[in-house]
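# Just a sequence and a predicted model for now, questions to come.
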Amino acid sequence: MANLVAIVGRPNVGKSTLFNRLTKTRQAIVSDTAGTTRDRQYGKCEWNGREFSVVDTGGWVVNSDDIFEDAIRKQVIVATEEADVVLFVVDVQTGLTDLDQDVATILRRTKLPVILVANKTDNNDQIYDAAEFYSLGLGEPQCISSATGSGTGDLLDLVLTKLKPEVKEDVEDGIPRFAVVGRPNAGKSSIINAFIGEDRNIVTEIAGTTRDSIYTRYDKFGFDFYLVDTAGIRRKNKVSEDLEFYSVMRSIRAIENSDVCILMLDATRGIEAQDMNIFQLIQRNNKSLVVVVNKWDLVENKDQAVIKTFDNAIRQRMAPFVDFPIIFASALTKQRIFKVLETAKEVYLNRKAHVGTSKLNEVMLPLIEAYPPPSTKGKYIKIKYCTQLPNTQIPSFVFYANLPQYIKEPYRRFLENKIRENWSMHGCPINIFIRQK
(Lines give C-alpha, C1' and ligand atoms only; values in the text may rest on other atoms or scores of the structure.)
Protein backbone atom coordinates (compact mmCIF):
# COMPACT_ATOMS: atom_id res chain seq x y z
CA MET A 1 0.00 0.00 0.00
CA ALA A 2 1.46 3.32 -1.04
CA ASN A 3 2.54 5.70 1.69
CA LEU A 4 1.44 9.29 1.51
CA VAL A 5 3.61 12.26 2.50
CA ALA A 6 1.94 15.69 2.77
CA ILE A 7 3.82 18.99 2.54
CA VAL A 8 2.18 21.71 4.64
CA GLY A 9 3.07 25.25 5.61
CA ARG A 10 2.01 28.84 5.03
CA PRO A 11 2.24 30.29 1.51
CA ASN A 12 5.59 31.24 0.02
CA VAL A 13 7.89 29.07 2.12
CA GLY A 14 8.93 26.93 -0.85
CA LYS A 15 6.51 23.99 -0.62
CA SER A 16 6.13 23.69 -4.39
CA THR A 17 9.88 23.93 -4.95
CA LEU A 18 10.40 21.14 -2.42
CA PHE A 19 7.63 19.14 -4.11
CA ASN A 20 9.39 19.54 -7.49
CA ARG A 21 12.69 18.54 -5.94
CA LEU A 22 11.25 15.38 -4.36
CA THR A 23 9.26 14.26 -7.41
CA LYS A 24 12.09 15.25 -9.80
CA THR A 25 9.61 17.17 -11.96
CA ARG A 26 8.99 20.80 -12.79
CA GLN A 27 5.22 20.48 -12.60
CA ALA A 28 4.77 23.53 -10.48
CA ILE A 29 6.12 25.71 -13.25
CA VAL A 30 5.59 24.00 -16.58
CA SER A 31 4.24 20.73 -17.89
CA ASP A 32 4.88 19.42 -21.38
CA THR A 33 2.45 16.53 -21.07
CA ALA A 34 -0.59 16.81 -23.28
CA GLY A 35 -3.90 17.20 -21.52
CA THR A 36 -2.74 18.03 -18.01
CA THR A 37 -4.00 21.20 -16.47
CA ARG A 38 -1.81 22.42 -13.68
CA ASP A 39 -2.38 19.51 -11.35
CA ARG A 40 0.78 20.20 -9.46
CA GLN A 41 -0.48 18.80 -6.22
CA TYR A 42 0.41 15.17 -6.54
CA GLY A 43 3.44 13.12 -7.60
CA LYS A 44 5.54 10.07 -6.85
CA CYS A 45 8.94 10.09 -5.16
CA GLU A 46 11.43 7.24 -5.10
CA TRP A 47 14.36 7.03 -2.70
CA ASN A 48 16.58 4.06 -1.84
CA GLY A 49 14.26 1.64 -3.62
CA ARG A 50 11.07 2.75 -1.84
CA GLU A 51 8.32 4.70 -3.52
CA PHE A 52 5.79 6.99 -1.89
CA SER A 53 3.30 9.63 -3.01
CA VAL A 54 3.84 13.29 -2.24
CA VAL A 55 1.01 15.82 -1.96
CA ASP A 56 1.65 19.54 -2.04
CA THR A 57 -1.10 21.32 -0.13
CA GLY A 58 0.05 24.67 -1.45
CA GLY A 59 -1.77 24.11 -4.71
CA TRP A 60 -5.06 24.68 -2.94
CA VAL A 61 -4.78 27.98 -1.14
CA VAL A 62 -8.01 29.81 -1.85
CA ASN A 63 -7.42 33.35 -3.20
CA SER A 64 -3.69 33.15 -2.62
CA ASP A 65 -3.44 36.96 -2.76
CA ASP A 66 -4.93 37.37 0.66
CA ILE A 67 -3.99 34.55 2.93
CA PHE A 68 -7.04 32.79 4.25
CA GLU A 69 -5.81 31.45 7.56
CA ASP A 70 -8.97 29.40 7.76
CA ALA A 71 -8.35 27.64 4.45
CA ILE A 72 -4.76 26.82 5.38
CA ARG A 73 -5.91 25.48 8.72
CA LYS A 74 -8.48 23.20 7.06
CA GLN A 75 -5.87 21.87 4.66
CA VAL A 76 -3.48 21.08 7.47
CA ILE A 77 -6.24 19.20 9.30
CA VAL A 78 -7.10 17.16 6.21
CA ALA A 79 -3.43 16.44 5.59
CA THR A 80 -2.98 15.16 9.13
CA GLU A 81 -6.01 12.88 8.75
CA GLU A 82 -4.96 11.41 5.42
CA ALA A 83 -1.18 11.31 5.25
CA ASP A 84 1.34 8.97 6.89
CA VAL A 85 4.05 11.60 7.36
CA VAL A 86 3.73 15.40 7.38
CA LEU A 87 6.55 17.69 6.22
CA PHE A 88 6.01 21.07 7.88
CA VAL A 89 7.95 23.66 5.87
CA VAL A 90 9.09 26.94 7.42
CA ASP A 91 11.22 29.74 5.99
CA VAL A 92 14.57 30.49 7.64
CA GLN A 93 14.98 33.86 5.93
CA THR A 94 11.64 35.25 7.14
CA GLY A 95 11.86 33.56 10.51
CA LEU A 96 9.01 32.50 12.75
CA THR A 97 5.55 33.97 12.04
CA ASP A 98 2.24 33.66 13.85
CA LEU A 99 0.87 31.60 10.95
CA ASP A 100 3.65 29.06 11.47
CA GLN A 101 2.69 28.86 15.12
CA ASP A 102 -0.97 28.27 14.24
CA VAL A 103 -0.03 25.37 11.97
CA ALA A 104 2.33 23.96 14.58
CA THR A 105 -0.47 24.03 17.17
CA ILE A 106 -2.55 21.72 14.99
CA LEU A 107 0.40 19.46 14.17
CA ARG A 108 1.40 19.02 17.82
CA ARG A 109 -1.98 17.45 18.53
CA THR A 110 -1.68 14.72 15.89
CA LYS A 111 -0.25 11.29 16.48
CA LEU A 112 1.46 11.39 13.07
CA PRO A 113 5.20 11.76 12.60
CA VAL A 114 5.85 15.43 11.74
CA ILE A 115 9.19 16.53 10.29
CA LEU A 116 10.02 20.22 10.66
CA VAL A 117 11.77 21.42 7.49
CA ALA A 118 13.67 24.73 7.62
CA ASN A 119 13.75 25.74 3.97
CA LYS A 120 15.79 28.43 2.18
CA THR A 121 18.93 27.59 4.19
CA ASP A 122 21.01 28.56 1.17
CA ASN A 123 24.34 28.91 2.99
CA ASN A 124 25.89 27.53 6.16
CA ASP A 125 25.53 30.77 8.14
CA GLN A 126 21.75 30.50 7.94
CA ILE A 127 21.76 27.17 9.78
CA TYR A 128 22.17 29.16 13.01
CA ASP A 129 18.97 31.10 12.24
CA ALA A 130 16.98 27.84 12.25
CA ALA A 131 17.38 27.52 16.03
CA GLU A 132 14.33 29.72 16.70
CA PHE A 133 12.09 27.01 15.22
CA TYR A 134 12.78 24.74 18.21
CA SER A 135 10.16 26.88 19.98
CA LEU A 136 7.45 25.27 17.82
CA GLY A 137 7.85 22.11 19.89
CA LEU A 138 8.17 19.80 16.88
CA GLY A 139 11.73 18.63 17.39
CA GLU A 140 14.87 19.44 15.46
CA PRO A 141 14.46 21.48 12.25
CA GLN A 142 15.96 19.81 9.16
CA CYS A 143 17.86 22.53 7.30
CA ILE A 144 17.46 22.23 3.53
CA SER A 145 17.46 24.38 0.45
CA SER A 146 14.84 23.25 -2.06
CA ALA A 147 16.27 25.51 -4.73
CA THR A 148 19.78 24.04 -4.64
CA GLY A 149 18.82 20.63 -3.24
CA SER A 150 21.24 20.72 -0.30
CA GLY A 151 20.04 18.67 2.66
CA THR A 152 17.20 16.98 0.77
CA GLY A 153 18.97 13.61 0.76
CA ASP A 154 19.16 13.58 4.56
CA LEU A 155 15.53 14.70 4.70
CA LEU A 156 14.44 11.75 2.51
CA ASP A 157 16.44 9.32 4.67
CA LEU A 158 14.54 10.66 7.66
CA VAL A 159 11.19 10.36 5.84
CA LEU A 160 11.88 6.69 5.08
CA THR A 161 12.53 5.94 8.75
CA LYS A 162 9.14 7.46 9.65
CA LEU A 163 7.11 5.64 6.96
CA LYS A 164 5.24 2.51 7.94
CA PRO A 165 6.85 -0.74 6.79
CA GLU A 166 5.27 -1.99 3.61
CA VAL A 167 2.83 -4.74 4.46
CA LYS A 168 1.25 -6.82 1.76
CA GLU A 169 -2.51 -6.91 2.14
CA ASP A 170 -4.04 -10.34 1.92
CA VAL A 171 -6.13 -9.67 -1.14
CA GLU A 172 -6.57 -12.53 -3.56
CA ASP A 173 -4.97 -12.00 -6.95
CA GLY A 174 -7.11 -12.17 -10.03
CA ILE A 175 -10.11 -10.56 -8.34
CA PRO A 176 -10.71 -7.05 -9.71
CA ARG A 177 -10.61 -4.06 -7.39
CA PHE A 178 -13.10 -1.28 -8.06
CA ALA A 179 -12.85 2.18 -6.53
CA VAL A 180 -15.79 4.56 -6.44
CA VAL A 181 -14.40 8.10 -6.65
CA GLY A 182 -15.85 11.54 -7.25
CA ARG A 183 -16.23 14.88 -5.60
CA PRO A 184 -18.24 15.28 -2.42
CA ASN A 185 -21.98 14.86 -2.79
CA ALA A 186 -21.83 13.09 -6.15
CA GLY A 187 -23.46 10.01 -4.62
CA LYS A 188 -20.49 7.75 -3.80
CA SER A 189 -21.93 6.49 -0.54
CA SER A 190 -25.37 5.96 -2.06
CA ILE A 191 -24.05 3.83 -4.89
CA ILE A 192 -21.94 1.71 -2.55
CA ASN A 193 -24.97 1.17 -0.32
CA ALA A 194 -26.97 0.28 -3.43
CA PHE A 195 -24.33 -2.28 -4.45
CA ILE A 196 -24.09 -3.83 -1.02
CA GLY A 197 -27.80 -3.58 -0.27
CA GLU A 198 -29.17 -4.62 3.09
CA ASP A 199 -27.43 -8.00 3.07
CA ARG A 200 -24.38 -6.78 4.89
CA ASN A 201 -23.43 -10.35 5.73
CA ILE A 202 -22.36 -11.07 2.14
CA VAL A 203 -19.71 -8.43 2.57
CA THR A 204 -16.44 -9.32 4.25
CA GLU A 205 -14.18 -6.49 5.25
CA ILE A 206 -10.45 -6.94 4.98
CA ALA A 207 -9.16 -3.96 6.88
CA GLY A 208 -6.39 -2.27 4.96
CA THR A 209 -3.05 -2.00 6.73
CA THR A 210 -3.50 1.74 6.91
CA ARG A 211 -6.45 3.20 8.63
CA ASP A 212 -8.31 4.16 5.54
CA SER A 213 -8.63 2.11 2.38
CA ILE A 214 -10.73 -0.92 3.19
CA TYR A 215 -11.30 -3.70 0.71
CA THR A 216 -14.87 -4.94 0.81
CA ARG A 217 -15.34 -8.31 -0.86
CA TYR A 218 -18.54 -8.44 -2.88
CA ASP A 219 -19.85 -11.68 -4.33
CA LYS A 220 -23.44 -12.00 -5.43
CA PHE A 221 -25.39 -11.92 -8.71
CA GLY A 222 -22.42 -13.64 -10.33
CA PHE A 223 -19.98 -10.81 -9.57
CA ASP A 224 -16.85 -11.21 -7.49
CA PHE A 225 -14.69 -8.18 -6.77
CA TYR A 226 -13.28 -5.94 -4.06
CA LEU A 227 -14.70 -2.49 -3.49
CA VAL A 228 -11.93 -0.13 -2.49
CA ASP A 229 -13.55 2.17 -0.02
CA THR A 230 -12.43 5.77 0.28
CA ALA A 231 -12.10 6.93 3.83
CA GLY A 232 -14.43 9.81 3.03
CA ILE A 233 -17.20 7.34 2.37
CA ARG A 234 -16.81 5.69 5.71
CA ARG A 235 -16.48 8.72 7.91
CA LYS A 236 -17.60 12.25 7.47
CA ASN A 237 -15.32 14.51 9.36
CA LYS A 238 -15.05 17.95 10.80
CA VAL A 239 -13.75 19.42 7.56
CA SER A 240 -16.37 21.05 5.38
CA GLU A 241 -16.78 18.91 2.30
CA ASP A 242 -16.48 21.61 -0.35
CA LEU A 243 -12.70 21.73 -0.13
CA GLU A 244 -11.25 20.63 -3.45
CA PHE A 245 -8.11 19.57 -1.64
CA TYR A 246 -10.24 17.32 0.51
CA SER A 247 -11.79 15.29 -2.29
CA VAL A 248 -8.46 14.81 -4.07
CA MET A 249 -6.68 13.72 -0.88
CA ARG A 250 -9.50 11.28 -0.21
CA SER A 251 -9.31 9.81 -3.70
CA ILE A 252 -5.56 9.35 -4.06
CA ARG A 253 -5.27 6.18 -2.01
CA ALA A 254 -8.40 4.58 -3.41
CA ILE A 255 -7.27 5.21 -6.98
CA GLU A 256 -3.75 3.90 -6.36
CA ASN A 257 -5.08 0.65 -4.94
CA SER A 258 -7.71 -0.10 -7.55
CA ASP A 259 -7.85 -1.57 -11.06
CA VAL A 260 -11.01 0.13 -12.28
CA CYS A 261 -12.20 3.54 -11.11
CA ILE A 262 -15.91 4.32 -11.18
CA LEU A 263 -16.00 8.12 -11.47
CA MET A 264 -19.26 9.58 -10.19
CA LEU A 265 -20.56 12.77 -11.79
CA ASP A 266 -23.60 14.72 -10.64
CA ALA A 267 -26.21 14.99 -13.43
CA THR A 268 -27.60 18.16 -11.90
CA ARG A 269 -24.24 19.94 -11.95
CA GLY A 270 -22.43 18.56 -14.99
CA ILE A 271 -18.66 18.15 -15.11
CA GLU A 272 -16.60 20.58 -13.03
CA ALA A 273 -12.95 21.34 -12.38
CA GLN A 274 -12.94 19.11 -9.32
CA ASP A 275 -14.10 16.14 -11.40
CA MET A 276 -11.28 16.86 -13.84
CA ASN A 277 -8.73 16.82 -11.02
CA ILE A 278 -9.84 13.35 -10.00
CA PHE A 279 -9.92 12.26 -13.67
CA GLN A 280 -6.29 13.36 -14.03
CA LEU A 281 -5.31 11.33 -10.97
CA ILE A 282 -6.93 8.29 -12.60
CA GLN A 283 -5.04 8.91 -15.84
CA ARG A 284 -1.69 9.46 -14.16
CA ASN A 285 -2.03 6.16 -12.35
CA ASN A 286 -3.02 4.36 -15.59
CA LYS A 287 -6.30 3.05 -14.21
CA SER A 288 -9.33 1.93 -16.21
CA LEU A 289 -12.34 4.20 -16.12
CA VAL A 290 -16.12 3.92 -16.02
CA VAL A 291 -18.01 7.23 -15.79
CA VAL A 292 -21.36 7.12 -13.99
CA VAL A 293 -23.66 10.13 -14.31
CA ASN A 294 -25.58 9.83 -11.07
CA LYS A 295 -28.87 11.46 -9.97
CA TRP A 296 -30.37 10.79 -13.41
CA ASP A 297 -33.80 10.54 -11.75
CA LEU A 298 -33.64 14.31 -11.06
CA VAL A 299 -33.19 15.21 -14.74
CA GLU A 300 -36.58 16.12 -16.16
CA ASN A 301 -35.86 15.81 -19.87
CA LYS A 302 -34.36 12.39 -20.61
CA ASP A 303 -34.47 12.53 -24.44
CA GLN A 304 -31.83 10.86 -26.55
CA ALA A 305 -30.68 14.35 -27.60
CA VAL A 306 -30.04 15.32 -23.97
CA ILE A 307 -28.13 12.10 -23.37
CA LYS A 308 -26.03 12.78 -26.46
CA THR A 309 -25.27 16.35 -25.35
CA PHE A 310 -24.19 15.10 -21.92
CA ASP A 311 -22.09 12.37 -23.51
CA ASN A 312 -20.32 14.79 -25.87
CA ALA A 313 -19.68 17.36 -23.13
CA ILE A 314 -17.99 14.75 -20.90
CA ARG A 315 -15.86 13.34 -23.72
CA GLN A 316 -14.78 16.80 -24.88
CA ARG A 317 -13.59 17.75 -21.41
CA MET A 318 -11.68 14.48 -20.99
CA ALA A 319 -10.09 14.37 -24.46
CA PRO A 320 -7.73 12.99 -25.76
CA PHE A 321 -8.78 9.86 -23.82
CA VAL A 322 -12.38 9.41 -24.98
CA ASP A 323 -12.79 5.64 -25.25
CA PHE A 324 -14.61 4.93 -21.98
CA PRO A 325 -18.18 3.92 -21.11
CA ILE A 326 -20.63 6.49 -19.72
CA ILE A 327 -23.65 5.18 -17.80
CA PHE A 328 -26.63 7.29 -16.76
CA ALA A 329 -27.76 5.87 -13.44
CA SER A 330 -29.46 6.70 -10.20
CA ALA A 331 -28.18 5.28 -6.93
CA LEU A 332 -31.37 6.31 -5.17
CA THR A 333 -33.82 4.48 -7.43
CA LYS A 334 -31.19 1.79 -8.22
CA GLN A 335 -31.65 2.49 -11.92
CA ARG A 336 -28.90 0.80 -14.03
CA ILE A 337 -26.83 -0.04 -10.94
CA PHE A 338 -26.37 -3.57 -12.25
CA LYS A 339 -25.11 -2.20 -15.55
CA VAL A 340 -22.41 -0.23 -13.72
CA LEU A 341 -21.02 -3.46 -12.26
CA GLU A 342 -21.30 -5.31 -15.57
CA THR A 343 -19.45 -2.53 -17.39
CA ALA A 344 -16.76 -2.27 -14.71
CA LYS A 345 -16.13 -6.00 -14.99
CA GLU A 346 -15.98 -5.77 -18.79
CA VAL A 347 -13.50 -2.89 -18.58
CA TYR A 348 -11.36 -4.90 -16.16
CA LEU A 349 -11.24 -7.81 -18.62
CA ASN A 350 -10.20 -5.37 -21.39
CA ARG A 351 -7.18 -4.50 -19.25
CA LYS A 352 -6.07 -8.10 -19.50
CA ALA A 353 -6.71 -8.36 -23.26
CA HIS A 354 -3.91 -9.79 -25.39
CA VAL A 355 -3.63 -9.41 -29.16
CA GLY A 356 -1.64 -12.01 -31.08
CA THR A 357 1.45 -10.62 -32.85
CA SER A 358 0.56 -12.01 -36.28
CA LYS A 359 -2.98 -10.64 -36.12
CA LEU A 360 -1.68 -7.28 -34.89
CA ASN A 361 0.79 -6.97 -37.79
CA GLU A 362 -1.79 -8.20 -40.28
CA VAL A 363 -4.18 -5.38 -39.34
CA MET A 364 -1.80 -2.54 -38.40
CA LEU A 365 0.93 -2.68 -41.07
CA PRO A 366 -1.44 -2.03 -44.04
CA LEU A 367 -2.92 0.91 -42.08
CA ILE A 368 0.56 2.28 -41.38
CA GLU A 369 1.49 1.89 -45.07
CA ALA A 370 -1.62 3.80 -46.10
CA TYR A 371 -0.92 6.56 -43.54
CA PRO A 372 2.83 6.57 -42.80
CA PRO A 373 4.30 8.94 -40.19
CA PRO A 374 5.02 12.36 -41.76
CA SER A 375 8.60 12.71 -42.96
CA THR A 376 10.88 14.97 -40.95
CA LYS A 377 13.87 16.83 -42.41
CA GLY A 378 13.49 14.86 -45.63
CA LYS A 379 13.81 11.51 -43.84
CA TYR A 380 11.12 8.90 -44.32
CA ILE A 381 10.06 6.94 -41.26
CA LYS A 382 9.24 3.28 -41.74
CA ILE A 383 7.49 1.10 -39.17
CA LYS A 384 8.30 -2.52 -39.94
CA TYR A 385 6.88 -4.57 -37.10
CA CYS A 386 4.73 -4.32 -33.98
CA THR A 387 3.92 -6.53 -31.00
CA GLN A 388 2.18 -6.41 -27.62
CA LEU A 389 4.36 -6.58 -24.52
CA PRO A 390 3.55 -9.47 -22.17
CA ASN A 391 2.75 -9.12 -18.43
CA THR A 392 2.07 -5.39 -18.32
CA GLN A 393 -0.37 -3.52 -16.07
CA ILE A 394 -2.23 -2.11 -19.08
CA PRO A 395 -2.08 -3.17 -22.75
CA SER A 396 1.26 -1.91 -24.10
CA PHE A 397 2.26 -2.07 -27.75
CA VAL A 398 5.73 -1.64 -29.26
CA PHE A 399 6.24 -0.41 -32.80
CA TYR A 400 9.72 -0.84 -34.28
CA ALA A 401 10.77 2.02 -36.57
CA ASN A 402 13.99 3.16 -38.24
CA LEU A 403 13.79 6.70 -36.74
CA PRO A 404 11.68 6.49 -33.56
CA GLN A 405 12.72 9.95 -32.33
CA TYR A 406 10.81 11.62 -35.19
CA ILE A 407 7.43 10.06 -34.42
CA LYS A 408 5.34 12.68 -32.67
CA GLU A 409 2.39 12.52 -30.28
CA PRO A 410 -0.39 12.91 -32.91
CA TYR A 411 0.84 9.83 -34.78
CA ARG A 412 0.96 7.82 -31.54
CA ARG A 413 -2.65 8.78 -31.00
CA PHE A 414 -3.46 7.68 -34.54
CA LEU A 415 -1.91 4.26 -33.79
CA GLU A 416 -3.79 4.05 -30.50
CA ASN A 417 -7.11 4.92 -32.17
CA LYS A 418 -6.58 2.27 -34.85
CA ILE A 419 -5.87 -0.36 -32.18
CA ARG A 420 -9.04 0.69 -30.34
CA GLU A 421 -11.08 0.48 -33.57
CA ASN A 422 -10.00 -3.09 -34.24
CA TRP A 423 -9.90 -4.55 -30.72
CA SER A 424 -12.04 -3.82 -27.69
CA MET A 425 -9.94 -1.76 -25.27
CA HIS A 426 -12.97 0.17 -24.04
CA GLY A 427 -12.38 2.18 -20.87
CA CYS A 428 -8.78 1.14 -20.57
CA PRO A 429 -5.62 3.22 -21.15
CA ILE A 430 -3.05 1.98 -23.70
CA ASN A 431 0.70 2.51 -23.84
CA ILE A 432 2.33 3.00 -27.25
CA PHE A 433 6.13 2.68 -27.41
CA ILE A 434 8.21 3.40 -30.50
CA ARG A 435 11.59 1.65 -30.45
CA GLN A 436 14.63 1.53 -32.68
CA LYS A 437 14.41 -1.34 -35.17
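Ah, there it is.
# got a pLDDT number for the residue of the chain positioned farthest from its centre?
Distance from the C-alpha centroid of the chain, by CA atoms, centre = their mean, peaks at Gly378 (41.0 Å). pLDDT recorded at Gly378 is 89.
# what's the answer for the one 3 residues further on, then?
Reading off the per-residue confidence, Ile381 sits at a pLDDT of 91.
# Identify the nearest residue to it in space, disregarding sequence-adjacent positions?
In space, and not counting its chain neighbours, Ile381 is closest to Pro373: 4.3 Å by CB to CB, 6 or more residues apart in numbering. Using the backbone N, CA and C atoms, a C-beta is placed for each residue, glycine as well.
# Contact partners for that neighbour?
By CB atoms under 8 Å, 6 or more residues apart in numbering, the contact set of Pro373 is Ile381, Ile383, Ala401, Tyr406, Ile407, Lys408, Tyr411.
# If we use 6 Å, what do you get?
Ile381, Ile407, Tyr411 (CB atoms under 6 Å, 6 or more residues apart in numbering).
# quick one: it from Tyr406, how far?
Shown here: Pro373 relative to Tyr406, a distance of 7 Å by CB to CB, to the nearest Å.
# Residues that sit against both of these two, list them.
Ile381.
# The protein - how does it break down into domains?
Each domain of the chain is listed here as a residue range: 4-162, 177-352, 357-436, per the TED database.
# quick one: terminal-to-terminal distance for the shortest one?
Read that as domain 357-436. One end of domain 357-436 to the other measures 18 Å (CA to CA, to the nearest Å).
# Now do it: distance to the chain's middle.
Here domain 357-436 is found 27 Å from its chain centre; the criterion is CA atoms, centre = their mean, to the nearest Å.
# Quick check: phi and psi on Asp275?
Taking degrees, to the nearest 10, you get phi -60, psi -40 for the backbone angles of Asp275.
# what's the neighbour count on it?
Neighbourhood size, Asp275 [other CB atoms under 10 Å]: 24.
# just His426 next, same as before
His426 has 17 neighbouring residues, counting by other CB under 10 Å.
# Repeat that for Val306.
Val306 has 14 nearby residues by other CB under 10 Å.
# Name the nearest residue to it, sequence neighbours excluded.
Val299 (7.2 Å).
# What is the neighbour count of that neighbour?
Quick note: Val299 (other CB under 10 Å) scores 15 neighbours.
# Pull up the gap between it and Lys308, please.
Distance, Val299 to Lys308, by CB to CB: 14 Å.
# Tell me the secondary structure of Lys384, please.
Recorded secondary structure, Lys384: strand (DSSP: H, G, I helix; E, B strand; the rest coil).
# In contact with it, which residues?
By CB under 6 Å, 6+ apart, the residues touching Lys384 are Tyr400, Lys437.
# ok, back up a step: with distance to Met264 and secondary structure added, can I get the contacts of Pro373 in CSV?
Formatted as CSV, the contacts of Pro373 follow (distance: CB to CB, whole Å; DSSP: H, G, I helix; E, B strand; the rest coil):
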residue, distance to Met264, secondary structure
Ile381, 43, coil
Ile407, 37, coil
Tyr411, 35, helix
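# Mind listing the residues bridging to the nearest residue to Tyr406 once chain neighbours are set aside?
The shortest distance from Tyr406 to any non-neighbouring residue, by CB to CB, 6+ apart, is to Thr376 (4.2 Å). Taking DSSP bridges as the rule, Thr376 bridges to Lys379.
# how far away is Thr376 from Ile252?
39 Å.
# For these two, indicate the residue with more neighbours.
For Thr376 and Ile252, the more surrounded residue by other CB under 10 Å is Ile252, and the numbers stand at 23 against 13.
# Please settle this for me: is that one part of a strand?
No - counting by three-state DSSP, Ile252 is not part of a strand but helix.
# how close does it sit to Thr343?
24 Å.
# again, but for Gln388
24 Å.
# now do Thr216
Noted for Thr216: a distance of 19 Å to Thr343, by CB to CB.
# quick one: contacts of the one helix or strand Asp154 maps to?
For Asp154, the element it lies in under DSSP states H and E is helix 152-162. If you take CB under 6 Å, 6+ apart as the criterion, helix 152-162 is touched by Arg21, Trp47, Arg50, Val85, Pro113, Gln142, Ile144.
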